[in-house]
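Colleague: Need coordinates for the following:
(2 chains)
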Amino acid sequence: MIKKFWRGSLLLWSLIVILTLLACSKNQRDSIILAGSTSIQPFAERLTEVYSQKHKNFKFNVQGGGSSAGIKAVKNGVCHIGMSSRELKKEEKGLYEIVIAYDGIVIIVNQNNPLTNLTLNQVADIFAGKIKYWSELGETKSLKKNRFGRINVITREEGSGTRQSFEEIVMRKERIANDALVQDSNGAVREIVANDPNAIGYISYGLVDKRVKALSLDSVIPSVETIRQRKYPIVRSFLFLTKCPPRGKLKEFIDFVLSAEGQKLLQEEGLIPIR
Amino acid sequence: MKERLIEKTLFFIACSAIAIIFLIFLFIFIEGLPVFVKTGLVRFIFATNWAPTKGNFGILPMIIGSILVTFGALVLGIILGLACAILLAEFAPLSMVRILKPLIELLAGIPSVVYGFIGVVVLIPLIRSTLGGPGFSVLAASIILGVMVLPTIVAIALDALRAVPISYKEGSLALGATQWQTIWRVTIPAAKSGIIAGIVLGMGRAVGETMAVIMITGNSLKIPTSLLDPVRTLTSNIALEMGYASGMHQQALFATGVVLFIIIIILNTIAILTIGRRG
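Modeller: Numbering: from 1, shown residues only, chains lettered A, B, ... in the order given. The predicted structure is shown next:
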């Protein structure tokens, strides 16, 4: 009796395990796999969601892992489309690159902050902790009246794609200071900056709203136009990468992403369309 | 026959519960092991630089952060909790106890994200405008966590105080001690082990709390030099970075989990031993 019970439960468990394995592998084989940049991931999920609603025979599997991992994965044929939020390095070239959209990273301060412009170097010095007080920022008349004291720097967590791009374009060799506050989403950074008169942070262009003030950088105001023309200094392209020129199902999907409809979808989600 | 079957089934269920804990520990440990091997246990724990995407794995700032925040929470939790437990056990009339005790227990039922939200909306702007600094601070976290550990400390301390035999108090009062002297010199020492157990369990709660702490500590990586400085705790380090972590970074977060796991096991063992000694 008891033996039977044990045998029964064993059978049940193995059945469950086998079924799960089967389900996983089936899913893997039939679907288009996208992997890479965590910054593009939510947009890719949105695109695939809308697309697969219309085309029932398409299945997608969107994974993160970061730009570097995505580039490696598509080279090794582990995924069909690699997603990268940075330009490819020399040794990574040789893939088929499709720019799907642009994103600007905007430096934001509190609405009560009189500052309107910073240079790229000043931003780097602020985030590296070399400039600690608002009063150190040049001879601006309005700043002399500034009653604000210490700058509260707000950054994103390690591993975030936005932070990675910010570090590559703005910080270069410098590191973001240890005493910076760390938040794990664009929204949380914006929330703190909206409430703290001494705060400074960076978020994606699409998420800037009236509660915070977007600074111009090197006198270029961030806007759809300046970002698309790459006049604004902190712009990253969102890339889809394939091993060879896309054909068949892959081409259909990528054409959809680049079509007016796909681009409109990306714009609604806060990105800058390529056209 | 049927009875034995039921017995075996229950035994099986109990075993799987234990097996799950064991599996979790095994999994965390195996995932975290490469980092311990690569950076070395001592360097992992005592290095002050955490930049996992650039190959720096040092969790000392987070260990210090966890200790500071927990200690701050306990200072507040012990003072308020003990005062509350003494009031309920010795002074309050029964009708008052019937209202107050469930209310305090209700504190445990509030989700931690709500505590965090209150911290962000009320406490942090208050600290920022009155005391300066960014507001996100050891102080804010200590206050919020202090309130969060209250129900644990009050409930266990109250049980311990009530369990003190009435003859102890009667003896003390008969010798001419005042009521306050009796509580301070007789009842509390007699209930000491229970009170300590409550404090240690509260400590466990404070160390393990994540959501509220992420929202109100600011999560910066500098070792704080004042109560108004932001900190990062071990738990928030894991929760904050797990979303985008991969490779060594992810393993380093698991290794952080191992350290946390061991700290909590030690705390719980202390609690069990002190409760055990009482009985």
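Colleague: give me every residue that touches the spatially closest residue to B:Val120 that is not a sequence neighbour.
Modeller: In this structure, B:Val120 finds its nearest non-sequential neighbour in B:Met215, 5.4 Å apart by Cβ to Cβ, 6 or more residues apart in numbering or on different chains. Quick note: C-beta positions are derived from backbone N, CA and C, even for glycine. By Cβ atoms under 8 Å, 6 or more residues apart in numbering or on different chains, the contact set of B:Met215 is B:Val113, B:Gly116, B:Phe117, B:Gly119, B:Val120.
Colleague: right, and the last one touches B:Ile214 too?
Modeller: No. Taking Cβ atoms under 8 Å as the contact criterion, B:Val120 and B:Ile214 are not neighbours in contact, 10.4 Å apart.
Colleague: With neighbour numbers in mind, choose between the two.
Modeller: More neighbours surround B:Ile214 than the other of B:Val120 and B:Ile214, with 26 against 21 (other Cβ atoms under 10 Å in any protein chain shown).
Colleague: give me every residue that touches the residue most central in space within chain A.
Modeller: Taking Cα atoms, centre = their mean, the centroid of chain A lies closest to A:Ser39, which sits 2.1 Å from it. Applying Cβ under 8 Å, 6+ apart, one finds that A:Ser39 lies in contact with A:Ser85, A:Asp103, A:Ser160, A:Gly161, A:Thr162, A:Ser165, A:Ser204, A:Arg236, A:Phe238.
Colleague: buried stuff in the longest strand along chain A?
Modeller: Longest strand in chain A by number of residues (criterion: DSSP state E): strand A:96-110. For strand A:96-110, the buried set under the neighbour-count rule, 16 or more other Cβ atoms under 10 Å in any protein chain shown, comprises A:Ile98, A:Ile100, A:Ala101, A:Tyr102, A:Asp103, A:Gly104, A:Ile105, A:Val106, A:Ile107, A:Ile108, A:Val109, A:Asn110.
Colleague: what about that strand, near chain B?
Modeller: No. Using Cβ under 8 Å from any Cβ of the partner chain, strand A:96-110 stays clear of chain B, with a minimum separation of 11.7 Å.
Colleague: Which residues of the stretch 101-250 of chain A lie near chain B?
Modeller: A:149-150, A:152, A:157-161, A:164, A:175, A:177-184, A:191-192, A:195-196, A:198-199.
Colleague: is any part of stretch B:135-149 close to chain A?
Modeller: Yes. Under the criterion of Cβ under 8 Å from any Cβ, chain A is reached by stretch B:135-149 at B:Gly135, B:Phe136.
Colleague: could you pull out the strands for the stretch 101-250 of chain A?
Modeller: Assignment of strands within the stretch 101-250 of chain A using DSSP state E, counting those that start in this stretch yields the ranges A:117-118, A:152-156, A:181-183, A:199-204, A:212-214, A:216-217, A:235-242.
Colleague: Let me have those in TSV, extended by mean pLDDT and distance to B:Leu126.
Modeller: Shown next, in TSV, are these (pLDDT from 0 to 100; distance: least, Cβ to Cβ, whole Å):
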stretch	mean pLDDT	distance to B:Leu126
strand A:117-118	92	30
strand A:152-156	94	16
strand A:181-183	94	17
strand A:199-204	94	16
strand A:212-214	95	21
strand A:216-217	94	33
strand A:235-242	92	38
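Colleague: Quick one: closest of those strands to B:Pro189.
Modeller: strand A:181-183 (44.7 Å; Cβ to Cβ).
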